[in-house]
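Engineer: prediction below, plus the sequence it came from.
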Amino acid sequence: MTKSVLHDGLSSDLVSPPGAQEAKDRLTVALDFPSAAEALKLVDRLEGACQWLKVGMELYYAAGNGLVEALRGRGYSVFLDLKLHDIPNTVAGAVRSVTRAGAGLLTVHAGGGAAMMRAAAEAANVPGGPRLLAVTVLTSMDAEELAGVGVAASPGNQVLLLARLAKAAGIDGMVCSAGEVEALRKVMGPETMLVVPGIRPVGSDIGDQRRVATPEVAIARGASMLVVGRPITKAADPGAAARAILKEIGRVVATTD
């Protein structure tokens, strides 16, 4: 496979099922902290074990684009997980604002509809703009939770519906659970980036996640990138925990080369 480099160091190999791409580029560590100081302290302890760092709403609202720029200054690529969901004009404006900081990935909610996602895709389609990922069904939601908000479809069927909508709107990839990634890979094809949170190594506490999988299982099913938070950030040695997950990823990648 010929490798081309996309936004912020993201290799095009990441949009394909596991292959030659280094395991390090398939792992994102979620910086779920309330302040930049705490996040940067954790980053120091990672000792460069990963390339991608995810900044979610709690941290971004506290630290803003300055933290994104600081992380990029340390050589990391930034996945900005803001799950944008508003009227099309507002979301397009938000995409333009965060583009200035240089984030490589940015999430929008597929539930915002086709017009909103098209506006986001148009705003991101500039030099240095982020690749957009559509959040389909949160990994904390199961069938009972969906029914509670009026969605009769199963999580898997709802994910497929929203994923097709997002792809037609020009979104680059999807955020989904490991339970849906195999079906999505078949439907979306090899070019779509599939990012899987809810990753828990064997023996880890699943916390508030409902639809989880081990790193090996998620990659084997076709995930492009894994998002891991507490199993790394709450570990006694975050760098060692990250490297252990990289070994799991690497075992799958090596068997598919």
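Structural biologist: In hand now; what should we look at? Predicted model only: the values in this text are computed from it and were never measured. Numbers count the residues shown, from 1 in each chain.
Engineer: average pLDDT for the top helix by length along the chain, rounded please.
Structural biologist: Of all the elements of type helix in the chain, the one with the most residues (DSSP state H) is helix 238-256. Per-region confidence: helix 238-256 scores 85 on mean pLDDT.
Engineer: for that helix, which helices and strands make contact with it?
Structural biologist: Contact here means 3 or more CB pairs under 8 Å, 6 or more residues apart in numbering; DSSP states H and E; on that basis helix 238-256 packs against strand 27-30, helix 36-46, helix 215-220, strand 225-228, helix 230-233. Any C-beta I mention is one placed from the backbone N, CA and C, and that applies to glycine too.
Engineer: lowest-confidence stretch among these?
Structural biologist: When these are compared on average pLDDT, helix 215-220 comes out lowest at a mean of 89.
Engineer: hmm, who's touching that one?
Structural biologist: Identification of contacts with helix 215-220 by CB atoms under 8 Å, 6 or more residues apart in numbering yields 18, 26, 178, 181, 196, 199, 201, 226, 228, 245, 248-249, 251-253.
Engineer: can we see that at 6 Å?
Structural biologist: Outside of helix 215-220, the residues within contact range by CB atoms under 6 Å, 6 or more residues apart in numbering are 18, 178, 196, 199, 226, 245, 248-249, 252.
Engineer: quick one: which of those residues is most hemmed in?
Structural biologist: For those, the largest number of neighbours (other CB atoms under 10 Å) sits with Val196, at 32 neighbours.
Engineer: in this structure that one contacts Ala223, no?
Structural biologist: Yes. At 4.3 Å, Val196 and Ala223 qualify as touching, with contact defined as CB atoms under 6 Å.
Engineer: common neighbours of the two, please.
Structural biologist: Each of Val181 lies in contact with both Val196 and Ala223 under the rule CB under 6 Å, 6+ apart.
Engineer: next secondary structure element downstream of the longest strand that the chain contains?
Structural biologist: In the chain, taking DSSP state E as the definition, the longest strand is strand 77-84. Counting by DSSP states H and E, the next helix or strand C-terminal to strand 77-84 is helix 88-99.
Engineer: list of residues touching that next one?
Structural biologist: Residues outside helix 88-99 that contact it (CB under 6 Å, 6+ apart): 80, 84, 115-116, 119-120, 123-124, 129.
Engineer: and the angle for it with strand 77-84?
Structural biologist: Using axes from the mean of the first three to the mean of the last three CA atoms, to 10 degrees, the direction of helix 88-99 lies 160 degrees away from that of strand 77-84.
Engineer: past helix 88-99, which element shows up next along the chain?
Structural biologist: Elements were assigned by DSSP H and E; along the chain past helix 88-99, the next helix or strand is strand 105-109.
Engineer: still on that earlier bit, just the buried subset of the contacts of helix 88-99, please.
Structural biologist: 80, 84, 116, 119-120, 123-124, 129 (16 or more other CB atoms under 10 Å).
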